[in-house]
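Q: kindly return the folded structure for what I paste below:
(chains A and B)
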Number of protein chains: 2
Amino acid sequence: MIARVFVLIVVSITSALANTNNNEVSESLKISGNNHRNHFVRGLGPHVRQTWGEPWPEPQRRTLYGENFMVVRMALFRFKVTNFTCDMIDLALKRYYDILLGAGAESQKLKMRLVVNQAERVTTGYRGHLDVLEVNLLSSCEYLPHDNMDESYKLKIDTPTRPNRGVLVANSNWGILRGLETFSQLVHHSRNHSAFRVKSTFVQDFPRFSFRSILLDTSRHFLSKEILLKNLDLMAMNKMNAFHWHLVDDQSFPFESKLYPELSGKGAYNPYTHVYSRQDVAEIIEYARLRGIRVIPEFDTPGHTQSWGPAVPDLLTKCYQNSTIAGRQPVPDGTFGPIDPTQEKNYRFLKTFLGEVVDTFPDKYLHLGGDEVDFSCWKSNPDIGAFMRNENMTRYESLEEYYMQKLVEIVASFPEKKVSIVWQEVIDNGVEIEKDSVLVNVWKGWHYQEELGNVTRMGYRALLYSCWYLDMISWNNDWPGYYACDPQNFTGSAGQKELVVGGGAALWTEFVDETNALSRLWPRASAPAERLWSSADVKDVEKAAPRLEEHRCRLLRRGYSVQPVNGPGFCEQV
Amino acid sequence: MIARVFVLIVVSITSALANTNNNEVSESLKISGNNHRNHFVRGLGPHVRQTWGEPWPEPQRRTLYGENFMVVRMALFRFKVTNFTCDMIDLALKRYYDILLGAGAESQKLKMRLVVNQAERVTTGYRGHLDVLEVNLLSSCEYLPHDNMDESYKLKIDTPTRPNRGVLVANSNWGILRGLETFSQLVHHSRNHSAFRVKSTFVQDFPRFSFRSILLDTSRHFLSKEILLKNLDLMAMNKMNAFHWHLVDDQSFPFESKLYPELSGKGAYNPYTHVYSRQDVAEIIEYARLRGIRVIPEFDTPGHTQSWGPAVPDLLTKCYQNSTIAGRQPVPDGTFGPIDPTQEKNYRFLKTFLGEVVDTFPDKYLHLGGDEVDFSCWKSNPDIGAFMRNENMTRYESLEEYYMQKLVEIVASFPEKKVSIVWQEVIDNGVEIEKDSVLVNVWKGWHYQEELGNVTRMGYRALLYSCWYLDMISWNNDWPGYYACDPQNFTGSAGQKELVVGGGAALWTEFVDETNALSRLWPRASAPAERLWSSADVKDVEKAAPRLEEHRCRLLRRGYSVQPVNGPGFCEQV
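A: A predicted model of the protein is given here:
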């Protein structure tokens, strides 16, 4: 009987997308480089026509049933919790109800409700009203997102086994969050804007990689709490799950420490206005938690620490001049280098300070940096030389190793915190660290495939950022390049591939601040978001472009100033 | 006596700037290209430290008097009109009073007034209060800005001849507008934010070039009226005086014509939401006029006209297939090329339509486009071939010439409109046009110096855009490259150099819309703004950088989301 109700033409995603107007996606989508001064493309109308009601990132499995669709009457629509729930779920339901309604939709909804009955019922595929989405969480909620959280879910809209019904089911609250996002994306306006529709769809979904991050650098330019929260919204809308917060660096130290208030007092651009208070940090972590996003702070040492210097006497290495001139006495030149690894008291400071960090950030990962350690200052300093001779060290890499090992030990000694993330140089320089307690963050743009091969061959887990340095910009649409990069596309065993646990997009802020951070990051970061979530075979740029065009318009409609992504075009603002 | 009151150390601009902390401007300011993945710069604090109370663009002559300064008490400050005035001036005074006060300053001003008396009076160079700026306009107002408007002014703040006074004097209302902008930039917060200060200064100023424009393309992406108005504000704050409005193009036709409503009805992205009504256009023109900015519309033909096609039958050339295959009958392939120049009725349409344009836009310049005419469609069309044989034309350039000459004649026939602007190809292709009735818009990035030499040798006036295609972006600070470009730096006689009447910055909108237009354009466009206004010898990037840093912070403080320009740093938000 059910089989009779449905026209059981199960359309594959491929052919469903072929129905959209993606023949408008030209070869020029693949253009890269910056040497064009001529116009991007000619022709009347948008370069890429958007899809209607297609999600981003693409779920692992998505089945449509012919042209079947249901109409969502917003005046009547509600979520119905049918099993476990918790505050996080309740808040998410409220949030997604608001998103579904959209800005200014209050006045529309009654009108739509009236129009629906006439306009939609005569349309091919009309299958009635979807007034309820059943939310079926199969277990009690977990409190904190973590590295092994289960983000899988199933979403059934008017499927053969659930005709005329809408059901979201997940093992965990994280899956419910991801599924609500997908549902909110499937609901779309009909082309004449008379109704909200949702296509009859079966979605079975889970992430390909467990770690999908955005790095924001709040040191080169300060980013306000409000911008960070908006970015968390956008991450959730792209199913990313880790905020890699590059909190401090050479230029400024905006993190307000309880134990060492002078760090921001002397190291922030402005200690009153350009800092994150402890309350700000707590609010950001909670906001992220409610969206299933981990907050992983980075306190990059021993390099990139100039802003730490003014507050902590003798922390940084004194650089000397005349060190290599025979017969001249080396003298400090007034500049400073990386943290001085020869001073025991520096490790005591780091243990105390990182202890506070660990107390502040509940995630069990902590990023320790370790990139771009400049040896020249160490080389100039006679005390460092004496220390190394005393320890029988001949290479400065050994000194770096000495430092990093002690640092990782400090982190491992905290009961709450067990995993360190380090930038690739730490491993490149031969620093030996216990495999279980570290992830290697591959970032260099050259030879990243070789690097992934190397670090996984050594048995380290790896994160790939190299392809997604989104502060690097070019004139034309660069997302196809980001999209093409696959973290498992390197020479190595299946076991090695499994050691790549994900990756992320980085927005360094040399030329970015509040004025352009979000528009520059999104929707370009949506490309790695799909790469890291969806199946490896979802990689056709021409098929993805119309869906990304819709996604961009969706984010814009939700109130985020995200920039054009596919060349000339426009969004219907509803 | 007066000589005794002043310490008559007249400091040149060069040494005055040397007092600012511009030794922080490193060689990296000059980096260009996009091949860096490493971090831009190390070191604690901002990469470039801003000046305090220095204007942008740099006036032709600016003299400081030692460390002398006056304090502006905002609670008492007023402009005093001492001679001619008009609505435009009165509105400007109100506008600049608001700008001087700044956002949220109402509550500050009384506080500042109290503090001033203690804190400032003990400071070296304190010269008392400046409570009045005398505004001395020497003639009655002109109504419309135009190509020969006098933008010169003098500004005297506590000068030897006007001790303790502030005087702005100009021959024309345009000069008063420019001088008010300079005054508003000279007034700055003291470093402890306890008072508004203005340094004792003599400014004698006028623009180097009479034409200083911003091109915005509203066809690839629609830009709302609000964004266009904000851009006019920013232009005025950078002393630019021409809005080159690239209104329509292949992709969309957002200009609502009274006579041909179908042009936007069928050619706009959305004929209801993505159009400029006649009232919008009038409002934009008036807003610009009040800021001394001309609005020069571009209706680019015969190419770049795909969006005109749906509304005007037979306007566009039908393209044919099989034209070059022996024994096959050429047939239309369903696509269209440039305007069909062989049809007399097309010229009648253009005369009527451009007549409406001329009635709508009061400026006596009209941009006719003429760039990138693709001959392939003309070549494919047998009727075009027949017409050319009939007219004894052998080159398609002759057909283009035939079209452009008729178009320029149409424009010249309008009593209100005498000057056409055309893109360089029109001249490159050998189209002969009467010299007085045309300006040549040089835009191609390669060989632009040669091109400037060529067109001025032929006796044409020229505008340079080539160096300032600001939609072309790169990761690092690209403004030094824009700054280095000089429109008179080409091989040619003094007479030829004088034919270069200015230039402009272009923001094509393939990848730009409301979300990123202003932040991408500004303050990068401030570099050409200074190049086109200031003396040719104001060209030292390291001296300009701290002043540009202040300018960027000033624009931000005034409420415009303009992006970072010099690498890591921050703005004190007051």
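
Q: alpha carbons only for contacts and neighbour counts from here, please
A: Noted.

Q: how about stretch A:478-492 against chain B, any contact?
A: No. Judged by Cα under 8 Å from any Cα of the partner chain, stretch A:478-492 and chain B are separated, with a smallest distance of 10.7 Å.

Q: so which bits of that stretch are buried?
A: A:478-483, A:485-488, A:490, A:492 (16 or more other Cα atoms under 10 Å in any protein chain shown).

Q: now, which of the residues you listed sits nearest chain B?
A: A:Asp478 (10.7 Å; Cα to the nearest Cα).

Q: picking up where we left off before, what's the closest of the buried residues of stretch A:478-492 to A:Pro341?
A: A:Pro487 (34.0 Å; Cα to Cα).

Q: what ranges do the strands span in the stretch 151-300 of chain A?
A: Per DSSP state E, counting those that start in this stretch, the stretch 151-300 of chain A carries strands over the ranges A:153-159, A:162-170, A:188-189, A:196-205, A:211-217, A:242-246, A:294-301.

Q: just send these back as CSV, with mean neighbour count too.
A: As requested, the strands of the stretch 151-300 of chain A are exported to CSV (neighbours: other Cα atoms under 10 Å in any protein chain shown):
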stretch, mean neighbour count
strand A:153-159, 25
strand A:162-170, 20
strand A:188-189, 19
strand A:196-205, 23
strand A:211-217, 25
strand A:242-246, 23
strand A:294-301, 24
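
Q: and the buried residues of stretch A:478-492, which of them are in helices?
A: Among the buried residues of stretch A:478-492, the residues falling in helices (DSSP state H) are A:479-483.

Q: now check stretch A:504-518, is it near chain B?
A: Yes. Using Cα under 8 Å from any Cα, stretch A:504-518 reaches chain B at A:509-513, A:515-516.

Q: pLDDT score assigned to A:Leu415?
A: Actually, residue A:415 is Pro. It isn't Leu. For A:Pro415, the pLDDT comes out at 88.

Q: mind checking how far it is from B:Val438?
A: According to Cα to Cα, to the nearest Å, A:Pro415 and B:Val438 sit 78 Å apart.

Q: who's more crowded, these two?
A: Using other Cα atoms under 10 Å in any protein chain shown as the criterion, A:Pro415 and B:Val438 rank with B:Val438 on top: 22 against 9.

Q: quick one: pLDDT of that one?
A: The model's pLDDT for B:Val438 equals 93.

Q: residue contacts, A:Val408?
A: For A:Val408, the contacting residues are A:420, A:433, A:437, by Cα atoms under 8 Å, 6 or more residues apart in numbering or on different chains.

Q: go on, A:Asp280?
A: A:Lys225.

Q: distance of it from chain B?
A: As judged by Cα to the nearest Cα, to the nearest Å, A:Asp280 and chain B stand 19 Å apart.

Q: just checking, A:Gly504 touches A:Leu216?
A: No. Judged on Cα atoms under 8 Å, A:Gly504 makes no contact with A:Leu216 at a distance of 10.6 Å.

Q: and the strands in the stretch 301-450 of chain A?
A: Under DSSP E, counting those that start in this stretch, the stretch 301-450 of chain A gives strands at A:316-321, A:331-339, A:365-369, A:419-423, A:438-442.

Q: among those, which is nearest chain B?
A: strand A:331-339 (9.5 Å).

Q: and that closest one with chain B, contact?
A: No. Strand A:331-339 does not reach chain B (Cα under 8 Å from any Cα); its nearest approach is 9.5 Å.

Q: and the angle from that strand to strand A:294-301?
A: 160 degrees (axes from the mean of the first three to the mean of the last three Cα atoms, to 10 degrees).

Q: what's strand A:331-339 packed up against?
A: In terms of contacts (3 or more Cα pairs under 8 Å, 6 or more residues apart in numbering or on different chains; DSSP states H and E), strand A:331-339 is packed against strand A:316-321, helix A:375-380.

Q: parallel or antiparallel, which strands does that strand pair with?
A: strand A:316-321 (antiparallel) (DSSP bridges).

Q: wait, isn't A:Thr342 in contact with A:Gly385?
A: No. If you go by Cα under 8 Å, A:Thr342 and A:Gly385 don't touch, sitting 9.9 Å apart.
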